[in-house]
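Student: Okay, predicted coordinates and the sequence, questions at the end:
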There are 2 protein chains.
Amino acid sequence: MTTPERASTWTIAELAEEYGVTHRTIRHYEELGLISPERRGTVRVFHRRDRTRLALILRGKRIGFPLEEIRTIIDMYDETPGEAGQLTYLLAQIAARRADLEQRRADIEQTLRDLGDVEARCRTDLRALRRTP
Amino acid sequence: MTTPERASTWTIAELAEEYGVTHRTIRHYEELGLISPERRGTVRVFHRRDRTRLALILRGKRIGFPLEEIRTIIDMYDETPGEAGQLTYLLAQIAARRADLEQRRADIEQTLRDLGDVEARCRTDLRALRRTP
DNA sequence: AGCATGCTTTACGTTTACGTCAACGTCAAG
DNA sequence: CTTGACGTTGACGTAAACGTAAAGCATGCT
């Protein structure tokens, strides 16, 4: 027998709770077209696909991307094959995003090194203070 | 003899040009207290220290930090030794920033992996198209 | 039936990070 | 001495990313 077939749909409140955002935030993402939940009458019904996209949006936000750029990125994930021109364009987009991400990573690593220096100085100063209180 | 003793001060226009920002941006950073150039009369005179801080600000921006957080970060760099409590607090701040940066790096690396997947699918689709044009 | 709960839309408010005039000072060159 | 070329201070504008009421359905419990 298969898994108990848990509905695998969510209300806006459930998703908001789970990801620690407000319902307003989720609606905002829908207004921008980043997610498009099913409508049952007037009420929103979120599927696994919407959950995934929400998770990707939040990851993009943690990285620091603006929402519009996040859309172009996550839209790449479920892009339908399409024609050759489309695919080539997509490859160019990927290259551009990759360059951006690698720059960010380099900046982060440099900052981590700098923080390491500050910490070292800090600990040295502390030891000096302990010797001459 | 020493180096030709190049003034090692800059005008706002020179710094803006060099770093590819507008003078308005630099003034904005000054308003927020991220840099505090010398004043010769009414006019701003930027020293090496200001240049360095500007570079750090822009790096922070590339990473995606808000300006207020950037200030707390770069203020850590030229924090005066001070007393033990200060130093301990500074160490805690460093730990927090480090955790944040490492989270961002992890998100970036996951996104890079995801983009790699998309790219692979993309190239597969392209090859398929070339076999059946 | 009545009321509380949860979802919905509408719409104005807020914060961040500057952009964009406007209006004025200043200093060297013509 | 006037004309640029830069510099300065307001001060209002704007785009992004939501916050925050306000007010209306729908439903289910009591």
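Tutor: Now that the structure is in, tell me what you want to look at. Residues are numbered from 1 along each chain as shown, chains lettered A, B, ... in the order given.
Student: now the residue most central in space within chain A, nearest residue through space, not along the chain?
Tutor: Centroid check for chain A by Cα atoms, centre = their mean gives residue A:59 as the closest residue, at 1.7 Å. Closest residue to residue A:59 apart from its sequence neighbours, by Cβ to Cβ, 6 or more residues apart in numbering or on different chains: residue B:107 at 5.1 Å. No exception for glycine: its C-beta is placed from N, CA and C like everyone else's.
Student: next one: the helix or strand that neighbour falls within to chain centre, how far?
Tutor: Element membership for residue B:107, per DSSP states H and E: helix B:84-131. How far helix B:84-131 lies from its chain's middle: 17 Å, per Cα atoms, centre = their mean, to the nearest Å.
Student: Next, the angle helix A:84-131 makes with that helix.
Tutor: Counting by axes from the mean of the first three to the mean of the last three Cα atoms, to 10 degrees, helix B:84-131 points 160 degrees away from the direction of helix A:84-131.
Student: what is the mean pLDDT for helix B:84-131?
Tutor: On average, the pLDDT along helix B:84-131 is 93.
Student: Which elements pack onto it?
Tutor: In terms of contacts (3 or more Cβ pairs under 8 Å, 6 or more residues apart in numbering or on different chains; DSSP states H and E), helix B:84-131 is packed against helix A:48-63, helix A:67-77, helix A:84-131, helix B:67-77.
Student: for residue A:40, phi and psi?
Tutor: Phi and psi for residue A:40, reported as degrees, to the nearest 10, are phi -110, psi 100.
Student: Local confidence estimate at it?
Tutor: For residue A:40, the model assigns a pLDDT of 90.
Student: likewise residue A:78?
Tutor: For residue A:78, the model assigns a pLDDT of 85.
Student: do the same with residue A:81
Tutor: Value listed for residue A:81 in the pLDDT field: 74.
Student: Likewise for residue A:8?
Tutor: pLDDT recorded at residue A:8 is 87.
Student: and if you look at the one 5 residues further on?
Tutor: Model confidence at residue A:13, expressed as pLDDT, equals 95.
Student: tell me the contacts of it?
Tutor: residue A:23 (Cβ atoms under 8 Å, 6 or more residues apart in numbering or on different chains).
Student: how close does it get to residue A:46?
Tutor: According to Cβ to Cβ, to the nearest Å, residue A:13 stands 10 Å off from residue A:46.
Student: now swap in residue A:27 and tell me
Tutor: In terms of Cβ to Cβ, residue A:27 sits 12 Å off from residue A:46.
Student: Comparing these two, which residue is more hemmed in?
Tutor: The neighbour comparison of residue A:27 against residue A:46 (other Cβ atoms under 10 Å in any protein chain shown) goes to residue A:46, with 21 against 15.
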